[in-house]
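Asker: Okay, sequence plus prediction incoming.
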Amino acid sequence: MEENVNANENQELGTIKISEEVVSVIAGLAATEVPGVAGMSGGVVNGLSEMLGRKNLGKGVKVEVGEKEVSIDLYLIVDYGVRIPEVAWNVQENVKNAVENMTGLKVVEVNIHVQGVNMDKENKKQQQVREEEN
């Protein structure tokens with residue numbers, strides 16, 4: 001992946017190039033910091049069964065970078081019981097702020113694709129209640 005992007009141009013000293021992969025990792029990390037996000041999904045290609053850990057943050061993120069602007073698509077798995085629109089708004093804000101602050105690129109859109117719901121927490125709560133009853 002040798003795709004590089006011109007983030008800022010400084011005629012005197014040269015150019016600064018930020019790869020799409022770097023933007024993907026920043027966006028993925030910012031998304032997983034938001035409460036209610038269980039993890040990143042591999043997207044449509046990888047299906048719902050694969051939830052990616054922190055090592056593969058760029059995998060659940062699709063980035064399109066122009067010279068000074070970036071568009072981001074995030075494929076998320078949310079925790080059971082959260083308000084999905086609220087989590088999505090928080091992810092959009094956190095990702096936008098992180099990418100703009102770290103790269104200097106203007107984020108024009110952050111599209112959220114909720115790929116699934118993580119039931120692990122709910123299942124653990126039910127198991128704890130059963131164990132306490134016995």
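Answerer: Nice, I can see it.
Asker: Report the separation between the spatially most central residue of the chain and Glu67.
Answerer: When Cα atoms, centre = their mean is applied to the chain, the residue found nearest the centroid is Gly28 (3.2 Å). Distance, Gly28 to Glu67, using Cβ to Cβ, to the nearest Å: 23 Å. Quick note: C-beta positions are derived from backbone N, CA and C, even for glycine.
Asker: next one: Ala38
Answerer: To Glu67, Ala38 is 35 Å away according to Cβ to Cβ.
Asker: repeat for Glu86
Answerer: 34 Å.
Asker: Check Gln92 too.
Answerer: From Gln92 across to Glu67, the span is 23 Å (Cβ to Cβ).
Asker: Between these two, which is the more surrounded one?
Answerer: More crowded of Gln92 and Glu67, by other Cβ atoms under 10 Å: Gln92, with 19 against 10.
Asker: Not counting residues beside it along the chain, what's closest to the more buried one?
Answerer: Of all residues not flanking Gln92 in the chain, Val110 sits nearest, at 4.4 Å (Cβ to Cβ, 6 or more residues apart in numbering).
Asker: Show me which residues of the helix ranked longest in the chain are buried.
Answerer: Across the chain, the longest stretch assigned as helix under DSSP state H is helix 84-103. The neighbour-count check on helix 84-103 (16 or more other Cβ atoms under 10 Å) flags Val87, Ala88, Asn90, Val91, Gln92, Asn94, Val95, Lys96, Ala98, Val99, Thr103 as buried.
Asker: hmm, who's touching that helix?
Answerer: With Cβ atoms under 8 Å, 6 or more residues apart in numbering as the test, helix 84-103 has contacts from 7, 18, 22-23, 26-27, 29-31, 33-37, 70, 72, 74, 76, 78, 105-107, 110, 112, 114.
Asker: Right, I'll leave it there.
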